[in-house]
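Q: need a structure here:
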Amino acid sequence: MNAIQMDNLTKFFGKNRGIENVTLEVEEGEIFGFIGPNGAGKSTTIRTLLNLIYPTKGSATVFGMDVVKDSKEIRKIIGYLPSEVHYYDDMKAKDLLQYSSKFYKLDATAKINELAERLDLDLTRKVEDLSFGNRKKVGIIQALLHQPKLLILDEPTSGLDPLIQQTFFDLLHELRNDGTTIFFSSHYLGEVQKMCDRVGIIKEGRVLKVEQIEQLRHNQFKKVSILFSEQPPQGLDLEGVINQEVVGDEMHFLYSGNATALIKQLYNFQLTDINIEEPSLEEVFMHYYEN
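A: Model (predicted):
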């Protein structure tokens, strides 16, 4: 049985497209990344899956239970972290989390304290006094305190500093090792490559493809920008270079080839600066997936 099964899941807001014919499977026990640029339909898919909004057509199940008919039972076994968390501002973080734990009829005091220590969260502060990142920590603890069977995360790392992000990733690996299935959306290719077994790629409300993370790594592009101190060449004769563009003294391209070969060819030119970074998902979509 799959943890999540979506079949032609579609949501329109009047005449406006949310998602259209989304079909994918998430296997039990895997970490599945759902990636795409802002506005691609990631949050709409998740909210439809959680029965926060009703599908226009199509269907979805969680551990075999229909997301519309069985939503009450499903909510008992899932943890959910929205992209933006909103709470009662005048409540202290510890009181809010204790209040949340009562919905599951359990004493989660020890779990709350353990997670707060690992995430460096002051539980005595009121929500209104917390930064965006610290509110996100409250959301993470709330999603994890009842040890869910399925964890659904919508842009979970936004607002978290790098050290806390690493702690968060460690938590996800521990949960996965204990059997929790994790489904999370992101527009950061790096964290998806780091965490996931498989990824589903969505753009303009449609799933383009589902990819094994090993294949995604194998075909990983880097975005290269070079500033020449002399007239730049009109092109580089290297396998893996695509979308070359020369503007004045600058050259820009995507590269998935051998780094040594690139450096050797550039050695023959006078360079002022070179920048190599991760491309945006939009660039990957335009120059890899759609091709």
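
Q: R135 in helix, strand or coil?
A: helix (DSSP: H, G, I helix; E, B strand; the rest coil).

Q: now the strands for the stretch 151-291 of the chain?
A: For the stretch 151-291 of the chain, the strands defined by DSSP state E, counting those that start in this stretch cover 181-186, 198-203, 206-212, 222-228, 241-247, 250-255, 271-277.

Q: can you tell me which of these is most buried?
A: Using mean count of other Cβ atoms under 10 Å, the stretch among the strands of the stretch 151-291 of the chain with the largest mean neighbour count is strand 181-186, at a mean of 24. Every residue, glycine included, has its C-beta placed from N, CA and C.

Q: other SSEs contacting it?
A: Here strand 181-186 touches strand 31-35, helix 42-49, strand 150-154, helix 162-177, going by 3 or more Cβ pairs under 8 Å, 6 or more residues apart in numbering; DSSP states H and E.

Q: and the residue nearest the centre of the chain, how far from H173?
A: The centroid of the chain falls nearest to S186 when counting by Cα atoms, centre = their mean (2.2 Å). Computed as Cβ to Cβ, to the nearest Å, the S186 to H173 distance reads 16 Å.

Q: now do P233
A: For P233 relative to H173 (Cβ to Cβ), the value is 45 Å.

Q: same check, this time on Y104
A: For Y104, the distance to H173 (Cβ to Cβ) stands at 23 Å.

Q: in stretch 228-238, which residues are buried?
A: F228, P232, P233, L236, L238 (16 or more other Cβ atoms under 10 Å).

Q: how about stretch 147-163?
A: Using 16+ other Cβ under 10 Å as the burial criterion, the residues of stretch 147-163 that qualify are 147-157, 159-160.

Q: need the max-distance pair from these.
A: Within these, K149 and G159 form the most distant pair, 26.3 Å apart (Cβ to Cβ).

Q: and for I19, the neighbour number?
A: Neighbourhood size, I19 [other Cβ atoms under 10 Å]: 26.

Q: ditto for D170
A: Neighbour number of D170 under other Cβ under 10 Å is 11.

Q: mind checking how far it is from A40?
A: 28 Å.

Q: ok so, going back, closest one of the buried residues of stretch 147-163 to L262?
A: T157 (30.0 Å).

Q: quick one: the helices in the stretch 51-200 of the chain?
A: 71-74, 93-101, 109-119, 132-144, 162-177, 189-195 (DSSP state H, counting those that start in this stretch).

Q: possible to save the ones you listed as JSON lines with distance to I53?
A: Below are the helices of the stretch 51-200 of the chain laid out as JSON lines (distance: least, Cβ to Cβ, whole Å):
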{"stretch": "helix 71-74", "distance to I53": "12"}
{"stretch": "helix 93-101", "distance to I53": "22"}
{"stretch": "helix 109-119", "distance to I53": "29"}
{"stretch": "helix 132-144", "distance to I53": "19"}
{"stretch": "helix 162-177", "distance to I53": "26"}
{"stretch": "helix 189-195", "distance to I53": "25"}
